[in-house]
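Enquirer: Turn this into a structure:
(2 chains)
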Amino acid sequence: MGRYKAYLLFGLMGVLLVGIGLLAGRFVLYLTMRVMLLAIFALGYNLLLGRTGLLSFGHAAFFACGSYGMSLCFLHVTPDPLVGILAGVTMAVIAALIIGFFCVRHTEIYFAMLTLAFGMMIFSLVWNLRSITGGDDGLVGIGRAPLLGFSIARDSQFYFVVLAFFVLTVWVVHRIRSSAFGLVLAGIRENPQRAAFAGLSVKGYRLAAFVISGAFAGLAGSLAAMLESNTNPFSAHWTHSAEPVLVSLIGGLQTFTGPIVGSLIFVVLREIIERFTQNWMLWFGLLLLVIIMGFRGGAMGGVERYFAQAGTKPQEEGRP
Amino acid sequence: MLESLVHVCLAGLAQGMFVWLVASGLTLIFGVLRVLNFAHGSFYMLGAYFCYTLLSALGDNFWAGLLLGPLFVCAIGFVIERFFLRYVYHFELPYQLLLTFAFVLIFDDVVKVLWGAGSLGSPRVPGLAGSVPILGRNFPTYSLFIMVAGPLLALVLWLVLEKTWAGRIIRAASSDREMASAIGVRVPALYTAVFVFGTWLGALGGGLAVPYVGLLTPGMGETIIIEAFVVVVIGGLGSLKGAFLGALVIGLLSSFGTRFIPTFDMFLTFILMAVVLVWRPQGFFGEAS
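Expert: This next block holds a predicted model:
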């Protein structure tokens, strides 16, 4: 896809999203917000997985840091939503800095296992420190106080807050990917030795990617706490960490739009399957098998290949 | 005080041996196939459910259920390796892990469909249902049985791997796949065999878990797989000796943790895993990479 086509596409997406916000019913609003929150989570996460080539199984912990940071700030400090979100993101960033510092020493399976260990450590704290986190009940009664004087209490109002942060995320992640920093990350993924020989601090860059992805996980978490008006301890559990991985994979690991499309497919497909059957995990697992065995480029990888064959240059470099 | 400590130790050893029964298959599969199998927890769960159903069908005969149940799971393991896993060995790590994770999702729901979403109570094992007094307190007989079964399994595995022809081939293929292939080992068939054997170990652990954990729930695999990961990582990925020792350490740590600092009991386990990974990623007995 050419540059202008891409801008046109994103413009259309923006118009569509604003249109949904103005016209859609409550259910579609809620579903669209869920898609956007998951997309924020996955867009940040894919900077680490697709770009830098590191598979983390602990990012649910940063999502939970965002949720609980936001909620604790709301309950004990101030109901101001912006301060709350800032608190959530800050907490996620601090956690990601500490955890990332230890994790980026390793790659591949050891990195995955180490992030899993740290993630479950945070889960165990969330689960057991009842007096602070509410244990298995989570924290409840997270309200939505006015933001900069505007009421966001109703879903149709809060929708535009989520949309604003979604657009911000898309823009920031796009800037990061096309920056020199983003190219270094891709270079590290392809060949860490050469990156190190070129004088780059491989660990430093990995840590930066880790913290940035953690920050977006925290943002998604704090917005999720506001959307659901409670926190769920299982948002820190390792099974939740698999979600951004699955979403990136469905959409296409090596594409920018992959996580967005993947989130859409994930949330909508789940709704549809749950209409007909109790067993959405079964069908989703089967779909996952098909994708891994036959369509590893994901949905957007497939679209880009199609455009490439039609004679246009693909936007991203694909890997065989 | 002393009696209490002895009992905490015993419970820890039993818990350790219980996790070892499950983790042995996981580490064996990783050692040879180099795939970390999330679905191992599902094999454990399926093993538990199949044993449960069979032992009820066979007139509450626990041993018959334990003998036959895991064989069904082996068939599932065979299909997974032969028709799916075999094609992803050369893929990147995320694809391999997510392929096994897809089976976790599938089997969690399959169990719900076949056995219902609620939990099932466990049957009693004739002869092992009661408890024996140790230092004036009762200790479950079945836990003692697990404490015997664990080392017994370790001994059998050691004998098979070190003393038999099949064991030599497995060790050869795990240390150098290409060289083993060059001297005439049919590596793909060997991989299938090892995977099926590992599956059997996981399902056997599940069958033995039926009276030990008491309740069967869909999703019971998701807890045990993480415990097994911890054990396998601490001991060194792919090392059976390491997994045995790791299981003992984790069992005792969590038993003492539950007794003295219940709030941080789970935390302790994962901090040990993290410390080992940071300080010595190859674990107690793994090979340095």
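
Enquirer: Identify the residues contacting whatever residue of the stretch 101-250 of chain A ends up closest to chain B.
Expert: Nearest residue of the stretch 101-250 of chain A to chain B, counting by C-beta to the nearest C-beta: A:Ser124, 3.7 Å away. Heads up, the C-betas are built off the backbone N, CA and C, glycines and all. Contact partners of A:Ser124, counting by C-beta atoms under 8 Å, 6 or more residues apart in numbering or on different chains, are B:Phe264, B:Met266, B:Phe267, B:Phe270.

Enquirer: Tell me the buried residues in the helix or strand it falls within?
Expert: In this structure, A:Ser124 is located in helix A:108-128 according to DSSP states H and E. In terms of neighbour count (16 or more other C-beta atoms under 10 Å in any protein chain shown), helix A:108-128 has its buried residues at A:109-128.

Enquirer: Check which helices and strands the one helix or strand A:Leu185 maps to is in contact with.
Expert: Element membership of A:Leu185 [criterion: DSSP H and E] is helix A:180-190. Counting contacts by 3 or more C-beta pairs under 8 Å, 6 or more residues apart in numbering or on different chains; DSSP states H and E, the secondary-structure elements packed against helix A:180-190 are helix A:192-197, helix A:202-228.

Enquirer: Can you show me the CA trace of the helix or strand following the longest one as PDB?
Expert: Proceeding N to C from helix A:202-228, the next assigned helix or strand is helix A:238-251, under DSSP H and E. Provided in PDB are the C-alpha atoms of helix A:238-251 (Å, rounded to 0.1, in the frame of the first residue of the first chain):
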ATOM      1  CA  TRP A 238      -0.500 -15.700  32.700                       C
ATOM      2  CA  THR A 239      -3.500 -16.800  30.600                       C
ATOM      3  CA  HIS A 240      -4.300 -13.100  30.100                       C
ATOM      4  CA  SER A 241      -0.700 -12.500  28.900                       C
ATOM      5  CA  ALA A 242      -1.400 -14.800  26.000                       C
ATOM      6  CA  GLU A 243      -4.100 -12.400  24.700                       C
ATOM      7  CA  PRO A 244      -1.900  -9.800  23.100                       C
ATOM      8  CA  VAL A 245       0.300 -12.500  21.600                       C
ATOM      9  CA  LEU A 246      -2.800 -14.200  20.000                       C
ATOM     10  CA  VAL A 247      -4.100 -10.900  18.800                       C
ATOM     11  CA  SER A 248      -0.800  -9.900  17.200                       C
ATOM     12  CA  LEU A 249      -0.500 -13.300  15.600                       C
ATOM     13  CA  ILE A 250      -4.000 -13.300  14.200                       C
ATOM     14  CA  GLY A 251      -3.500  -9.800  12.700                       C
END
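
Enquirer: who does helix A:238-251 touch, helix- and strand-wise?
Expert: helix A:26-46, helix A:60-72, helix A:108-128, helix A:258-276, helix A:280-294, helix A:298-309, helix B:93-115.

Enquirer: residue contacts, the closest residue in space to B:Leu201 that isn't next to it in sequence?
Expert: Taking C-beta to C-beta, 6 or more residues apart in numbering or on different chains as the measure, B:Leu201 lies nearest to B:Gly25, with 3.1 Å between them; neighbours along the chain are not counted. Contacts for B:Gly25 were tallied using C-beta under 8 Å, 6+ apart; they are B:His40, B:Phe43, B:Phe197, B:Gly198, B:Thr199, B:Trp200, B:Leu201, B:Gly202, B:Gly205.

Enquirer: Closest to A:Phe63 out of those residues?
Expert: Proximity of the contacts of B:Gly25 to A:Phe63 (C-beta to C-beta) peaks at B:His40, which lies at 26.0 Å.

Enquirer: Enumerate the residues of the stretch 51-200 of chain A near chain B.
Expert: Counting by C-beta under 8 Å from any C-beta of the partner chain, the positions of the stretch 51-200 of chain A adjacent to chain B are A:55, A:102, A:105-106, A:108-110, A:112-114, A:116-118, A:120-121, A:123-125, A:127-129.

Enquirer: my read: A:Pro79 touches A:Ile142, true?
Expert: No: distance between A:Pro79 and A:Ile142: 9.3 Å, which falls outside the contact criterion (C-beta atoms under 8 Å).

Enquirer: Comparing these two, which residue is more hemmed in?
Expert: Shown here are A:Pro79 and A:Ile142; by other C-beta atoms under 10 Å in any protein chain shown, A:Ile142 has more neighbours (23 against 14).

Enquirer: For the more buried one, give me its contacts.
Expert: A:Met70, A:Ser71, A:Phe74, A:Leu75, A:Ala225, A:Met226, A:Glu228, A:Ser229, A:Asn230, A:Thr231.

Enquirer: tally of neighbours for the nearest residue to A:Leu82 once chain neighbours are set aside?
Expert: Setting aside the residues directly before and after it, A:Leu82 is nearest to A:Leu147 in space (C-beta to C-beta, 6+ apart), at 6.3 Å. Other residues near A:Leu147 number 19, with proximity taken as other C-beta under 10 Å.

Enquirer: Run through the residues that contact A:Leu147.
Expert: A:Leu147 makes contact with A:Asp80, A:Pro81, A:Leu82, A:Val161, according to C-beta under 8 Å, 6+ apart.

Enquirer: State the helix or strand in which the residue nearest to B:Leu201 lies.
Expert: For B:Gly25, the secondary-structure element it belongs to, assigned by DSSP H and E, is helix B:2-33.

Enquirer: before we move on, the earlier item: looking at the helices and strands packed on helix A:238-251, which is buried most?
Expert: By mean neighbour count, with neighbours taken as mean count of other C-beta atoms under 10 Å in any protein chain shown, helix A:60-72 ranks first of the helices and strands packed on helix A:238-251 at a mean of 31.

Enquirer: just checking, next helix/strand downstream of that helix?
Expert: With elements assigned by DSSP H and E, the helix or strand that comes after helix A:60-72 is helix A:81-103.

Enquirer: Could you tell me the angle between that next one and helix A:60-72?
Expert: With axes from the mean of the first three to the mean of the last three C-alpha atoms, to 10 degrees as the basis, helix A:81-103 and helix A:60-72 are set at 150 degrees to each other.

Enquirer: Packing partners of helix A:81-103?
Expert: Helices and strands touching helix A:81-103, as assessed by 3+ C-beta pairs under 8 Å, 6+ apart, comprise helix A:60-72, helix A:108-128, helix A:202-228.

Enquirer: so for that helix, what's the average pLDDT?
Expert: If you average the pLDDT over helix A:81-103, you get 92.

Enquirer: what do you get for stretch B:135-153?
Expert: In the prediction, stretch B:135-153 has an average pLDDT of 82.

Enquirer: Not counting sequence-adjacent ones, nearest residue to A:Gly141?
Expert: With sequence-adjacent residues excluded and distances taken as C-beta to C-beta, 6+ apart, A:Gly141 is closest to A:Ser229, at 6.8 Å.
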